[in-house]
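Participant: sequence-free structure coming up:
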């Protein structure tokens, strides 16, 4: 059995696994906790690893520390961590995600699946856990305001994911071939849900600072030349061309074009930017400026925290997911602003 196919020996790491005094020292680049020079080391942030200095791999801090802990993990100076076995980052559906994590699904995010800050791992864990619990319909209400009577179909990284199998999503492949016939590599939306009685919910997830912007006016022209003719009535081309480059989010605009093209007659479509509450970018204003009055795709900004709050604390099927989000770390600290929620529920 290959390293990537080994099952994790314990649950995923959470922020409470790390000594926050050590973490703060790493954030401040305190010499008591980190030495980036040749022959240097990083203090292990794992609880119980007091005074454990981990040398750098190949004596190079950019490669991270030697592995420590169970499951084995390499720490980076940022601070953050990378799991030695990427599948250790999956809390659900490991047997279905093996090929994706190994890069055989062709998604470039695969090589980051073992990273603490992997958006791909986070979205898989959340939506696959919801699917296994039979609760995708519950979270659809938090994403769209529409509560379906039946479970949505779940799509991830260009695959249609059933409970027991992941197969190629032929409709998306055809859509991308039509929209981007000369593209060297298609990058699929993070997660999509086909919702009975509604249509499509296409989700672009973010788990850190976003750099989604055009670099030059020529890129804007190329974008509009590709997508505007294929999606008539969707984009306001004049306003897009007169908007500052840093206010134009090309990835989200492309996702809106995909959602428009996936819609069947009579269906609705909404694109959701799923972000942390700490992400204060006014993405709804930016998108609204780019869409024509005749646009047939909606857009919403939803936070991971609000998704968490939509999960019924009294529902045993959701306890695993709630615990995962409560414990999830980013930079070895709490990823989401949920601590006040926990205190209120226990009070």
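Facilitator: That came in fine, so what should we check first? The shown structure was predicted, so the numbers you read here are calculated from the model rather than taken from an experiment.

Participant: where exactly do the strands run in the stretch 201-347 of the chain?
Facilitator: Along the stretch 201-347 of the chain, the stretches classed as strands by DSSP state E, counting those that start in this stretch are 268-275, 298-303, 329-330, 333-334.

Participant: What is the neighbour count of residue 168?
Facilitator: By the measure other CB atoms under 10 Å, the count of residues near residue 168 is 11. In this view, the C-beta of every residue, glycine as well, is placed from N, C-alpha and C.

Participant: ok, now which ones touch it?
Facilitator: Residues near residue 168 by CB atoms under 8 Å, 6 or more residues apart in numbering: 158-160.

Participant: Just the closest of these to residue 182, please.
Facilitator: Using CB to CB, residue 158 is the member of the contacts of residue 168 that sits closest to residue 182, with 18.5 Å.

Participant: ok, the closest one touching residue 190?
Facilitator: No: at 10.4 Å, residue 158 does not count as touching residue 190 under the criterion of CB atoms under 8 Å.

Participant: ok, the two, which is more surrounded?
Facilitator: Taking residue 158 and residue 190 together and counting by other CB under 10 Å, residue 190 has the greater number of neighbours (24 against 20).

Participant: Now do the same contact list for the more buried one.
Facilitator: Listed by CB under 8 Å, 6+ apart, the contact set of residue 190 reads 119-120, 123, 156-157, 203-205.

Participant: hmm, try it at 10 Å
Facilitator: Residues in contact with residue 190 (CB atoms under 10 Å, 6 or more residues apart in numbering) are 107, 109, 119-120, 122-124, 127, 155-157, 202-206, 255, 272, 274.

Participant: Without its sequence neighbours, what residue ends up closest to residue 204?
Facilitator: Once flanking residues are discounted, residue 204 sits nearest to residue 255: 5.2 Å by CB to CB, 6 or more residues apart in numbering.

Participant: is it true that that neighbour touches residue 273?
Facilitator: Yes: contact criterion CB atoms under 10 Å: residue 255 and residue 273 qualify, at 8.9 Å.

Participant: Mutual contacts of the two, please.
Facilitator: Residues touching both residue 255 and residue 273 (CB under 10 Å, 6+ apart): 203-204, 249, 299.

Participant: Among the residues you listed, pick out the one closest to residue 89, please.
Facilitator: Distance to residue 89 across the shared contacts of residue 255 and residue 273 (CB to CB) is lowest for residue 203, with 19.1 Å.

Participant: Apart from its chain neighbours, what residue comes closest to the closest one?
Facilitator: residue 191 (4.3 Å).

Participant: got a pLDDT number for the one you found?
Facilitator: Looking at residue 191, its pLDDT stands at 96.

Participant: Kindly report the same for residue 125.
Facilitator: Each residue has a pLDDT score; the one for residue 125 is 97.

Participant: so what's it up against?
Facilitator: Contact partners of residue 125, counting by CB under 10 Å, 6+ apart, are 12, 89-93, 97, 118, 320-321, 324-325, 328.

Participant: so which one among those residues has the lowest pLDDT?
Facilitator: When the contacts of residue 125 are compared on pLDDT, residue 12 comes out least confident, at 78.

Participant: That one sits in which helix or strand?
Facilitator: Using DSSP states H and E, residue 12 sits within no helix or strand.

Participant: and the nearest residue to it once chain neighbours are set aside, how many residues sit next to it?
Facilitator: Nearest residue to residue 12 in three dimensions, chain neighbours excluded: residue 91, at 5.5 Å (CB to CB, 6+ apart). When neighbours are defined as other CB under 10 Å, residue 91 has 19 of them.

Participant: same check, this time on residue 31
Facilitator: Counted with other CB under 10 Å, residue 31 comes out at 10.

Participant: Return the residues in contact with it.
Facilitator: 25, 40.

Participant: confidence score at it?
Facilitator: Note for residue 31: predicted pLDDT of 96.

Participant: any low-confidence regions in the protein?
Facilitator: Within the chain, the stretches with pLDDT under 70 are 1-11, 183-186, 339-347.

Participant: And it, what are its domain boundaries?
Facilitator: By the record's domain assignment, the chain is partitioned as 3-112, 134-308 (automatic domain parsing).

Participant: Where does residue 193 sit: helix, strand or coil?
Facilitator: Under the three-state scheme (DSSP: H, G, I helix; E, B strand; the rest coil), the conformation of residue 193 reads as strand.

Participant: residue boundaries of the helices in the chain?
Facilitator: In the chain, helices defined by DSSP state H lie at 20-27, 94-101, 119-133, 136-144, 170-179, 217-227, 237-241, 250-262, 283-290, 304-309, 319-327, 339-346, listed in chain order.

Participant: picking up where we left off before, nearest to residue 20, out of the strands of the stretch 201-347 of the chain?
Facilitator: The stretch from the strands of the stretch 201-347 of the chain with the least distance to residue 20 (CB to CB) is strand 333-334; that distance is 7.1 Å.
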